[in-house]
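Peer 1: Build me a model:
(chains A and B)
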Amino acid sequence: MQRLPGFRDFYPEPLPNTDVWSADARQHIFDRWRKTARSYGFREYDGPPLETLDLYTVKSGEEIVGQLYNFIDKGDRGVSLRPEMTPTLARMVGTHERNYKKPIKWFALPQLFRYEKQQKGRLREHFQLNADILGEAGPPVDAELIALLIDTLRSLGLTQEDFFVRLSSRHAWHEFFASKCQDSSRELAFYQVIDKLERETPEQNQEKLAALGFSLAEVQQFITEGKPTPELAAILENLGARGLGEYVRVDYSIIRGLAYYTGVVFEAFDRKGMFRAIAGGGRYDHLVELITGGKVKITAAGFGMGDVVLTELLKERGKLPAFDAGVEVFCLIEDESLRSQSLRWVQEWREAGLVTDYAMAPLKSDKQFKRALDAHALFTAKLEKNEGGELMIRLKRLQDRQEQVVKPEAVAGVVRATS
RNA sequence: GUGGCCAUAGCUCAAUGGUAGAGCUCCAGAUUGUGGUUCUGGUUGUUGCGGGUUCGAUCCCCGUUGGCCACCCCA
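Peer 2: Numbering: from 1, shown residues only, chains lettered A, B, ... in the order given. Take a look at the predicted model:
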């Protein structure tokens, strides 16, 4: 039996080869995601991985179905594995919005799915940090989200040398569009041309823009000038005050493909340009209203950061530490008559919070010692009796083989103090 | 969804139109005994799957599945 295409197994380290996904690295990333989001006062939420298909077609239209991992369930319902978290969040907030004080600052670490042929940086499943702020709007809110994005990447060891955030706004593009074209029904089509600008040839772009009444030259000039709107200037100032100004620059070539963004949009990229976008987000002030059928109107903005590109980037930059079981004490049981006593102290040490392991079946002493070495244990602990018949622990620090004999109840303290 | 490349032991790879080997890992034993060394022995493959050509295919051909990469698309 093999796993489904585009899905991943996660193994503990050391890994059999470099193509296998590390459960330890994943946990490391999750830890930093959670820790950083919480440090910003965000609260964690979650929703079901399976939703009704309507939740996504309402937002994006029927054409989205081609991208979804959807099917008919046994109750004859059209369902889909969630391709993104935002509709679920909008639904959840829409349902109980009045029970939460504003602003709502929430984050989640969902596993997301899409039915697409896999390629570099893109599988059928991935994990994503989603952070959103609802019920309060304006540059300070957008800046808070961008700062969280930056600090999350910094917490993983990435620096200004590694990544930057490209900041843009649909308000800026709206003004540009409205100054040349009064037909607002064509505005979204215009955005989609802008979104693909870097991927198409100049001839194709010229042609598409001409059809909408624009010239490629004037669009390129607008991007090149990159003159911050008052809104973006306020965000830059806000981030500058935090000492994060160097991480951000205005770049109007970013507009993002999704239809529901209404204002500020941003994406994080690695500076070497080796990978896809690391993260992206923006303001979507009308989505909750759309999802709730007009019952709830609330402003919203947020971003998502996937684990696939992030892991590739961290690997490439050597920012992933080596992981092991983190054993602090390995209890050696060389005298079987002391097994019960040993188990008692293994239990005590574990309750004291020490990562403790031992050989469950009787094993020759050198084998036990080798297991301790393989586990990279900090200490071995061996029970023995002194002349007075008192039970003592022979603690050996494996780093330098220094030994000391201490009372069992002193082990935790010694390990903590010397490790 | 389209196209290109690839597919041999748990891992990294080798070999040949006549039914496959090395290193590492793993397991056992010995050695070492301030122990991570060394030695010996052992397990594992329908050579991704199905079909065809051939006296005979892992090696040639077709299909299929999976992987990698690009396109499409992009949370």
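Peer 1: Every contact and neighbour count from this point should use C-alpha atoms.
Peer 2: OK.
Peer 1: who touches the helix or strand where A:Val308 lies?
Peer 2: Using DSSP states H and E, A:Val308 maps to helix A:307-316. With contact meaning Cα atoms under 8 Å, 6 or more residues apart in numbering, helix A:307-316 is reached by A:25-26, A:29, A:121-122, A:126-128, A:156, A:158, A:270, A:275-278, A:320.
Peer 1: Mind checking which of these are buried?
Peer 2: A:25-26, A:29, A:121-122, A:126-128, A:156, A:158, A:270, A:276-278, A:320 (16 or more other Cα atoms under 10 Å).
Peer 1: So which of these are in helices?
Peer 2: A:25-26, A:29 (DSSP state H).
Peer 1: first to last residue in stretch A:40-52, what's the distance?
Peer 2: 32 Å (Cα to Cα, to the nearest Å).
Peer 1: Flag every buried residue along that stretch.
Peer 2: A:42, A:49-52.
Peer 1: do stretch A:349-360 as well
Peer 2: So, applying 16+ other Cα under 10 Å, buried residues of stretch A:349-360: A:349, A:354-359.
Peer 1: got the residues of the stretch 251-400 of chain A near RNA strand B?
Peer 2: A:256-258, A:281, A:304, A:364-370, A:373, A:398-400 (Cα under 7 Å from any atom of the strand).
Peer 1: Now tell me what touches stretch A:82-102 from outside.
Peer 2: Here stretch A:82-102 makes contact (Cα under 8 Å, 6+ apart) with A:47, A:49-51, A:55-56, A:59, A:68-69, A:110, A:112-114, A:130, A:134-136, A:287-289, A:291-292, A:295-296.
Peer 1: Give me the buried entries from the residues you listed.
Peer 2: Buried among the contacts of stretch A:82-102 by 16+ other Cα under 10 Å: A:49-51, A:55-56, A:59, A:68-69, A:110, A:112-114, A:130, A:134-136, A:287-289, A:291-292, A:296.
Peer 1: Which of the residues you listed fall within strands?
Peer 2: A:50-51, A:112-113, A:130, A:134 (DSSP state E).
Peer 1: Run through those residues and flag the ones next to RNA strand B.
Peer 2: Answer for those near RNA strand B (Cα under 7 Å from any atom of the strand): A:112-113.
Peer 1: Any chance of the ones in strands among the buried ones among the contacts of stretch A:82-102 in JSON lines with distance to A:Phe266 and pLDDT as columns?
Peer 2: Putting those into JSON lines (distance: Cα to Cα, whole Å; pLDDT from 0 to 100) gives the following:
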{"residue": "A:Leu50", "distance to A:Phe266": "28", "pLDDT": "94"}
{"residue": "A:Glu51", "distance to A:Phe266": "27", "pLDDT": "93"}
{"residue": "A:Leu112", "distance to A:Phe266": "21", "pLDDT": "93"}
{"residue": "A:Phe113", "distance to A:Phe266": "23", "pLDDT": "92"}
{"residue": "A:Asn130", "distance to A:Phe266": "14", "pLDDT": "96"}
{"residue": "A:Leu134", "distance to A:Phe266": "17", "pLDDT": "96"}
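Peer 1: farthest pair in the ones in strands among the buried ones among the contacts of stretch A:82-102?
Peer 2: A:Phe113 and A:Leu134 (24.5 Å; Cα to Cα).
Peer 1: Now for the residue nearest the centre of chain A: which residues touch it?
Peer 2: Central residue of chain A (Cα atoms, centre = their mean): A:Leu129, 3.5 Å from the mean position. When contacts are counted by Cα under 8 Å, 6+ apart, A:Leu129 touches A:33, A:107-110, A:304-306.
Peer 1: 10 Å instead?
Peer 2: A:29-30, A:33-34, A:37, A:85, A:107-111, A:149, A:152, A:279, A:303-307 (Cα atoms under 10 Å, 6 or more residues apart in numbering).
Peer 1: do you know how far it is from A:Leu209?
Peer 2: 35 Å.
Peer 1: likewise A:Leu153?
Peer 2: From A:Leu153 to A:Leu209 the distance is 36 Å (Cα to Cα).
Peer 1: of those two, who's got more company?
Peer 2: A:Leu153 (24 against 18; other Cα atoms under 10 Å).
Peer 1: which non-adjacent residue is nearest that one?
Peer 2: Leaving aside its chain neighbours, A:Leu153 sits nearest to A:Thr159 (7.8 Å; criterion: Cα to Cα, 6 or more residues apart in numbering).
Peer 1: closest to A:Ala189 among the buried residues of stretch A:349-360?
Peer 2: A:Val355 (57.7 Å).
Peer 1: got the contact list for that closest one?
Peer 2: A:325-330, A:346, A:349, A:377-378.
Peer 1: cool, A:Tyr247 as well?
Peer 2: A:146-147, A:150, A:159-166, A:236, A:239-240, A:268.
Peer 1: Among those, which one sits closest to A:Ala417?
Peer 2: Among these, A:Thr159 lies closest to A:Ala417 (Cα to Cα), at 32.6 Å.
Peer 1: before we move on, the earlier item: so which of the contacts of A:Tyr247 would you say is closest to A:Glu225?
Peer 2: Closest to A:Glu225, out of all of those and judged by Cα to Cα, is A:Arg166, at 14.3 Å.
Peer 1: and the least confident of the contacts of helix A:307-316?
Peer 2: For these, the weakest pLDDT value sits at A:Gly121, with 76.
Peer 1: RNA strand B versus that one, what's the distance?
Peer 2: The spacing between A:Gly121 and RNA strand B, counted by Cα to the nearest atom of the strand, to the nearest Å, is 7 Å.
Peer 1: Kindly report the same for A:Asp270.
Peer 2: 15 Å.
Peer 1: Surely that residue and A:Phe163 touch.
Peer 2: Yes: using Cα atoms under 10 Å, A:Asp270 is in contact with A:Phe163, at 4.1 Å.
Peer 1: Between these two, which contacts overlap?
Peer 2: In contact with both A:Asp270 and A:Phe163: A:278, A:313, using Cα under 10 Å, 6+ apart.
Peer 1: returning to that earlier point: show me what the residue nearest to the centre of chain A is bridged to.
Peer 2: Judged by DSSP bridges, the bridge partners of A:Leu129 are A:Met305.
Peer 1: confidence score at it?
Peer 2: 96.
Peer 1: same question, A:Gly66
Peer 2: 73.
Peer 1: Identify the residues contacting it.
Peer 2: Contacts of A:Gly66 by Cα under 10 Å, 6+ apart are A:114-116.
Peer 1: Was I right to think A:Pro321 contacts A:Ile29?
Peer 2: No: look at A:Pro321 against A:Ile29 with Cα under 10 Å: they stay out of range, at 11.2 Å.
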